[in-house]
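Peer 1: requesting a structural model of the entry that follows:
(chains A and B)
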Amino acid sequence: MNQAVQLANAAPEPRVESLWRQRWKRFRRNRLALIAGAVLLLLHLVVLLGPSLYHASPEAVAPLNALKSSSGAHWLGTDELGRDTMARLLYGGRISLAVGFAAMAISVGLGTIVGATAGYFGGIVDMVQMRLTDALMSLPTIFLLLVILTVFKGGLVTVMVVIGITSWMGVARLVRSEMLQSKEHEFVEAAVALGAGQLRVLRKHVLPSAYSSIIVAATLGIARAILVESALSYLGLGIQPPTASLGNMLTNAQTYLWTAPVQALWPGLLILLAVLCFNFLGDGLRDALDPRMKR
Amino acid sequence: MLRYTIRRLGASALVMILITMITFAIVQLAPGGPAILLDEQLSQQDRDDIRANLGLDKPLPVQYYRWAKALLTGDLGNSYMEREPVSHLLAQRLPNTLILAGAALLLAVAVGIPAGILSAARTHSWWDYSFTFLSVLGISIPTFWFGILLIILCSVNLGLLPSAGMYTLGAGNQVGDLLLHMVMPALVLALSPLAEIARYTRSSMLNVIKLDYIRTARAKGVVEYRVLFRHALKNALIPVVTVIGLLLPHLVGGSVIIEKIFAWPGMGRLAADAAFKRDYPVVMGITVVIALVVVAGNLTTDLLYGCLNPRIRWE
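Peer 2: Residues are numbered from 1 along each chain as shown, chains lettered A, B, ... in the order given. Purely as a prediction, here's the structure:
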């Protein structure tokens, strides 16, 4: 028995780990998400620094040099107008990532505002906003996008905004349901009792419970936005030529499938890589931030 | 059940009204109103005349009321480009989209449910892990790129399948020919619903397998496949039915891109082309009709769910 007491005394004090440290530990155990994060970091570096190292114009036309396979001058060959495919990939990748982040920021911002106010205030605010959310959700997003893009011409900023304002509904529902739970906590009641204003309580006490779900939704939202951008550009409604985007590169490549099928490989692979990594990262974050949600 | 039905009907009607309002409002946002889209070379006088003719000088609520009233009688307006009523264009294209979407749904259910059951029955097996990976891949791959890859493989390299259209020109409209043309588009359209259905079936099965009555069945010595298919599946499929309803928008929305890749003469391609040409009566008309199809689909699933789930039926 004496020994046992000694052993117990000798054991180091259990260190209290901060919440974020625990989360980081859980996240680190997910090999797939870690790799996805690293690949994404690399992808951003390549796309940001690439154009200053790889000197080729993405828009310089050279008809005599069209649809060439890869060579020293053109690493991945040229497209139907003789433009350098590698350079176009780098610029297209930049656009995809930029649209992904911007559209995500807009949709998460809108969704959080709608969801938080609906969930926290309840009553008529909740009713009106949620009916609107339901209505928008029951329509396939692509049609909403088509209606808007019939009226407004495509382009980088338009595409960012349009994707953002058509994809906030999921976030709104998510945040609302988190609000409904977290506003019942006693510390919220305490804050109200201490005389904190409604908005302050909402921002400082109720909303933080939803942060982890919002981070996860944002990560998955980037993946979605990249896919939607490429699809819109493929249809000719997104990024307008001659600006390169992964989607409109594929539209052009499809015309020459019989002569130069390789040109259709690279843009798609790049989209797939980025989207896949954001999805894995999002899944990993979900497991790490919110163990309840673990599948 | 009656109260449940009435409530669902009311909610669906409300959603439809909201969607028509949103669609109408977006088009009104066009700088200078919709008429300006007609032709950039018109004089101001012409424009005013057109606005008066189309009733665009009236206040917005009046315009909306007129438009909505026409919608109720099936009048969706006229296409600017085709000089034809939108309803005619739709009548030609909608069946083609429904054929494709139906085939894709069939494929997704026929493959997705067994795949989900299998990976639930063998959790943490090799199959289960590759299944999980494949389902993430299924939602991450750009559908149009997957379609293009299939064309490269099946049409360009192997020469097995036709890469575009619904029928071979001049060959008469044979069913076999249609099926050949349908293989690739249906497969691509089915991809993400398939992944989704399989994922839901898997998690729903896992929830049911944990329950006591399954343990009882096993303890009684019922053979494993009977436990899975007779005992567990019945309850596990109830939530899956709802998911299938929720996938309807995916299928119809996906058709916009799939029909473009494979030059399928359906409504999705009509919508995409109309948006490209700024033929907004066509885009608006299609959006409203699609909304109707989707809302009706959801209503059916809700009611079906009510029938399958005794707790709701009893209410």
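
Peer 1: and residue 26, how many neighbours?
Peer 2: If you meant another chain, say so; for now it's chain A. 16 (other CB atoms under 10 Å in any protein chain shown). From N, CA and C alone the C-beta is placed, and that goes for glycine too.

Peer 1: oops, chain B please
Peer 2: 19.

Peer 1: now swap in B:Gly102 and tell me
Peer 2: 12.

Peer 1: likewise A:Gly236?
Peer 2: Counted by other CB under 10 Å, the residues lying close to A:Gly236 total 19.

Peer 1: find the nearest non-adjacent residue to it, please.
Peer 2: Distances taken as CB to CB, 6 or more residues apart in numbering or on different chains place B:Phe276 nearest to A:Gly236, at 5.3 Å, with adjacent residues excluded.

Peer 1: was I right to think the one you found contacts A:Leu235?
Peer 2: Yes. Here B:Phe276 lies in contact with A:Leu235, judged by CB atoms under 8 Å, at a distance of 7.1 Å.

Peer 1: compare those two (neighbour count), which wins?
Peer 2: Applying other CB under 10 Å to B:Phe276 and A:Leu235 shows that A:Leu235 carries more neighbours, namely 26 against 16.

Peer 1: name the nearest residue to that one, ignoring sequence neighbours.
Peer 2: Counting by CB to CB, 6+ apart, A:Leu235 lies nearest to B:Ala272, which is 5.0 Å off, once chain neighbours are set aside.

Peer 1: show me what contacts the one you found?
Peer 2: When contacts are counted by CB atoms under 8 Å, 6 or more residues apart in numbering or on different chains, B:Ala272 touches A:146, A:235, A:237, B:256-257, B:259-260.

Peer 1: now for the residue of the stretch 51-200 of chain A found nearest chain B: which residues touch it?
Peer 2: When CB to the nearest CB is the measure, the stretch 51-200 of chain A has its nearest residue to chain B at A:Pro140, with 3.1 Å between them. With contacts taken as CB under 8 Å, 6+ apart, A:Pro140 has the following neighbours: B:249-250, B:252-253, B:290, B:294.

Peer 1: helices and strands around the helix or strand B:Glu196 falls within, which ones?
Peer 2: Element membership of B:Glu196 [criterion: DSSP states H and E] is helix B:175-209. For helix B:175-209, the packing partners by 3 or more CB pairs under 8 Å, 6 or more residues apart in numbering or on different chains; DSSP states H and E come out as helix B:86-121, helix B:126-140, helix B:143-150, helix B:233-261.

Peer 1: and those helices: which comes nearest B:Met16?
Peer 2: helix B:233-261 (14.2 Å; CB to CB).

Peer 1: so for the helix or strand that that closest one is followed by, mean pLDDT?
Peer 2: Next along the chain after helix B:233-261, taking DSSP H and E as the criterion, comes helix B:267-276. Computed over helix B:267-276, the mean pLDDT rounds to 87.

Peer 1: flag every residue of the stretch 151-295 of chain A that's near chain B.
Peer 2: Counting by CB under 8 Å from any CB of the partner chain, the residues of the stretch 151-295 of chain A close to chain B are A:151-152, A:223, A:227, A:230-231, A:234-237, A:247, A:250, A:253-254, A:257-258, A:261, A:264, A:267-268, A:271-272, A:275-276, A:279-280, A:283, A:295.

Peer 1: and these, which are buried?
Peer 2: Buried positions within those, assessed by neighbour count (16 or more other CB atoms under 10 Å in any protein chain shown), are A:151-152, A:223, A:227, A:230-231, A:234-237, A:247, A:250, A:253-254, A:257, A:261, A:264, A:267-268, A:271-272, A:275-276, A:279-280, A:283.

Peer 1: which sections of the stretch 151-295 of chain A are below the confidence cut-off?
Peer 2: Confidence mapping of the stretch 151-295 of chain A against pLDDT under 70 gives the ranges A:291-295.

Peer 1: let's see it at 50
Peer 2: A:294-295 (pLDDT under 50).

Peer 1: and the helices in it, which stretches?
Peer 2: Here the stretch 151-295 of chain A has its helices, by DSSP state H, counting those that start in this stretch, at A:156-165, A:169-182, A:186-193, A:198-201, A:211-234, A:246-255, A:265-289.

Peer 1: point me to the residue of the stretch 51-200 of chain B nearest chain A.
Peer 2: Nearest residue of the stretch 51-200 of chain B to chain A (CB to the nearest CB) works out as B:Trp145 at 3.3 Å.

Peer 1: that residue: how many residues sit nearby?
Peer 2: Counted with other CB under 10 Å, the burial measure for B:Trp145 works out to 28 neighbours.

Peer 1: what of B:Gly74?
Peer 2: Counted with other CB under 10 Å, the neighbours of B:Gly74 add up to 9.

Peer 1: quick one: contacts for the closest residue in space to it that isn't next to it in sequence?
Peer 2: Spatial nearest neighbour of B:Gly74, excluding adjacent residues (CB to CB, 6+ apart): B:Ser87 at 5.9 Å. Taking CB under 8 Å, 6+ apart, we find B:Ser87 in contact with B:74-76, B:285.

Peer 1: now, which of these lie within strands?
Peer 2: When the contacts of B:Ser87 are checked against strands (DSSP state E), there are no matches.

Peer 1: can you flag the buried ones in those residues?
Peer 2: Applying 16+ other CB under 10 Å to those flags B:76, B:285 as buried.

Peer 1: which among the contacts of B:Ser87 gets closest to B:Leu149?
Peer 2: The nearest member of those to B:Leu149, counting by CB to CB, is B:Gly285 at 33.5 Å.

Peer 1: quick one: contacts for the closest one?
Peer 2: Listed by CB under 8 Å, 6+ apart, the contact set of B:Gly285 reads B:76-77, B:86-87, B:90.

Peer 1: the same query, at a cut-off of 10 Å, please.
Peer 2: B:23, B:71, B:75-79, B:85-87, B:89-90, B:267, B:270-271, B:274, B:279 (CB atoms under 10 Å, 6 or more residues apart in numbering or on different chains).
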